[in-house]
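Q: Everything below, folded, please.
(one chain, ligands or ions: 2)
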Amino acid sequence: MARLVMKFGGTSVANIERIRNVAAHVRREVQAGHQVAVVVSAMSGKTNELVGWVNDCSKLYDAREYDAVVASGEQVTSGLLALVLQEMGIPARSWQGWQIPIRTSDAHGSARIEGIDPAALNEGFARGEVAVVAGFQGVHEPSGRVTTLGRGGSDTSAVAVAAAIGAERCDIYTDVDGVYTTDPRVVPKARKLDKVSFEEMLEMASLGSKVLQVRSVEIAMVHKVRTFVRSSFDDPANPTPGTLICEEEEIVEQQVVTGIAFSKDEAQITLRRIADKPGVAASIFGPLADSNINVDMIIQVVSGDARTTDLTFTVQAADYERAMDHLRKRQAEIGYEALQGATDVVKISAIGVGMRSHAGVAARAFKALAEKGVNIRAITTSEIKFSVLIDKDYTELAVRTLHSLYGLDKAA
Ligand code: ASP
Ligand code: MG
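A: Ligands and ions are numbered 1, 2, ... in the order given. Down below sits the predicted model:
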């Protein structure tokens, strides 16, 4: 008897009718003889509403109370789905994070899962029950307080539960029918991928694809959880398989580039004419890191006089004001001449494990973008991806250009 985890996102449980549809998917797997743990998100829009209420009450809120509030959305949907399943004659029981328990760190609002004890879920399976687990939440045991895993965290709950109970696979049901070569709203010729490797999915999620929370892919990769992204809007009696996220070796037809991701959540900062001497980079990036500002792309230019240099780097848009403020205040200490910033930028990335064994993949992109008149502000590369920072206005043009360049367009 195989074990499965089925995860349903907010749009899939948006109202009672949809919850009934979810239950029909669950019934199909139960009738096929599986032991099923279902992980649910809050109803769509609910978490945003709860976060809004928290902000209304307190600007600099206590993160423990934020978690007490926002964890409630999943409590509701887990209970409702258990009720609907029971009405269908399927034994089911809801589980809050603390009841299992799903143990986490105490980083309230973005806690990390430290361990899941499968004993209670196993006992439920032995009684023939479907376990309906509230996603997104856990417990910090020393304090006994509820925690949440960061926005989109119920993906992570699902994969972690799958690893803990030794599930054969984890099915993530969502409002799209799989993982695409890029966002189909930007490139209508985007293709659905049948399979994508853990590593590529991790890069795609980190570089802007919003299908899965990054942390969920990390856990799937470490524990080798075969994870499917599939649609909850399929006919429950006749579902399509979606996209399988799996080990690279399972993918026979490997492309050089598998997908194009983009993120508009970027900002560029440039320091002009800083001293060209040891310790300057440390004096800039050390304090930024200390205030939890993540720096991504970094370019340092060697200037003609060998005494000064220019330094450009990117941060997340949300950190931009804070980073600029930091740097302004420390102008004398760092010793730069001018500080410049831009938020009208986008980072576009091409991802593919095939880049390991093919030379000149990025060079082709630079040429193609140049031919379209797209100016590149910054470039970074790593083993299986490269990214370019360009003006936001050129997002669509650049994504489409790269998508065609690497043969990702679907046949007309
Ligand atoms: N409801 C939570 C959120 O919106 C968790 C999730 O849906 O994954 O972020
Ligand atoms: Mg999600």
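
Q: Just the closest residue of this protein to ligand 2, please.
A: In the chain, no residue comes nearer to ligand 2 than Gly152, which is 4.3 Å away by Cβ to the ion. (Glycine included, C-beta is placed from N, CA and C.)

Q: Check the contact between that residue and Ser209; I expect there is one.
A: No - judged on Cβ atoms under 8 Å, Gly152 makes no contact with Ser209 at a distance of 11.7 Å.

Q: which residues of the stretch 51-200 of the chain fall in helices?
A: 63-70, 72-87, 119-126, 154-165, 198-206 (DSSP state H, counting those that start in this stretch).

Q: Could you check the angle the second one makes with helix 154-165?
A: In other words, helix 72-87. Angle of helix 72-87 versus helix 154-165, following axes from the mean of the first three to the mean of the last three Cα atoms, to 10 degrees, is 60 degrees.

Q: can you start the count at 17 instead of 1 from here on
A: Okay, residue one is now 17; in that scheme the one you just asked about reads as helix 88-103.

Q: residue farthest from the centroid of the protein?
A: Centroid-distance maximum for the chain: Asp321 at 43.8 Å, with Cα atoms, centre = their mean.

Q: and it, that one's in a helix?
A: No - membership of Asp321 in a helix is not supported by DSSP: H, G, I helix; E, B strand; the rest coil, which gives coil.

Q: what sits opposite Glu282 in the beta ladder?
A: With DSSP bridges as the criterion, Glu282 is bridged to Gln332, Val361.

Q: which bits of the stretch 17-166 of the chain sit near ligand 1?
A: Taking Cβ under 6 Å from any ligand atom as the contact definition, the stretch 17-166 of the chain meets ligand 1 at 25-26, 57-58, 63, 89, 151-152.

Q: Can you report how many residues neighbour the residue nearest to Trp111 when sequence neighbours are not counted?
A: Take Trp111 and drop its neighbours on the chain: the residue closest to it by Cβ to Cβ, 6 or more residues apart in numbering is Val149, 4.8 Å away. Applying other Cβ atoms under 10 Å, we find 29 residues neighbouring Val149.

Q: Output the below-cut-off pLDDT ranges for the protein.
A: Applying pLDDT under 70 to the chain picks out no residues at all.

Q: ok, now with 90
A: Residues of the chain that meet the criterion pLDDT under 90 lie in 17, 75-76, 226, 250, 257, 268-271, 291-296, 307-308, 316-323, 427-428.

Q: From the centroid of this structure, which residue is nearest?
A: Geometric centre of the chain, nearest residue: Gln229, 2.7 Å, by Cα atoms, centre = their mean.

Q: quick one on the thing from earlier: could you dump the helices of the stretch 67-216 of the chain to JSON lines with mean neighbour count and distance to Asp360?
A: Shown next, in JSON lines, are the helices of the stretch 67-216 of the chain (neighbours: other Cβ atoms under 10 Å; distance: least, Cβ to Cβ, whole Å):
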{"stretch": "helix 79-86", "mean neighbour count": "18", "distance to Asp360": "31"}
{"stretch": "helix 88-103", "mean neighbour count": "21", "distance to Asp360": "34"}
{"stretch": "helix 135-142", "mean neighbour count": "15", "distance to Asp360": "48"}
{"stretch": "helix 170-181", "mean neighbour count": "27", "distance to Asp360": "30"}
{"stretch": "helix 214-222", "mean neighbour count": "24", "distance to Asp360": "22"}
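
Q: can I get those in CSV with distance to Ile35?
A: As requested, the helices of the stretch 67-216 of the chain are exported to CSV (distance: least, Cβ to Cβ, whole Å):
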stretch, distance to Ile35
helix 79-86, 20
helix 88-103, 5
helix 135-142, 20
helix 170-181, 15
helix 214-222, 27
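
Q: Lys408: which of the ones you listed is closest?
A: Smallest distance to Lys408 across the helices of the stretch 67-216 of the chain (Cβ to Cβ): 19.7 Å, for helix 214-222.

Q: Dump the C-alpha coordinates for that closest one into PDB.
A: Provided in PDB are the C-alpha atoms of helix 214-222 (Å, rounded to 0.1, in the frame of the first residue of the first chain):
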ATOM      1  CA  PHE A 214      15.600  19.100  -8.600                       C
ATOM      2  CA  GLU A 215      18.500  21.300  -9.200                       C
ATOM      3  CA  GLU A 216      16.900  23.200 -12.100                       C
ATOM      4  CA  MET A 217      13.700  23.600 -10.200                       C
ATOM      5  CA  LEU A 218      15.600  25.000  -7.300                       C
ATOM      6  CA  GLU A 219      17.200  27.600  -9.500                       C
ATOM      7  CA  MET A 220      13.900  28.400 -11.200                       C
ATOM      8  CA  ALA A 221      12.200  28.900  -7.900                       C
ATOM      9  CA  SER A 222      15.100  31.000  -6.500                       C
END
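
Q: So which other helices or strands are in contact with that helix?
A: helix 230-239, strand 259-262, strand 275-291, strand 354-367 (3 or more Cβ pairs under 8 Å, 6 or more residues apart in numbering; DSSP states H and E).
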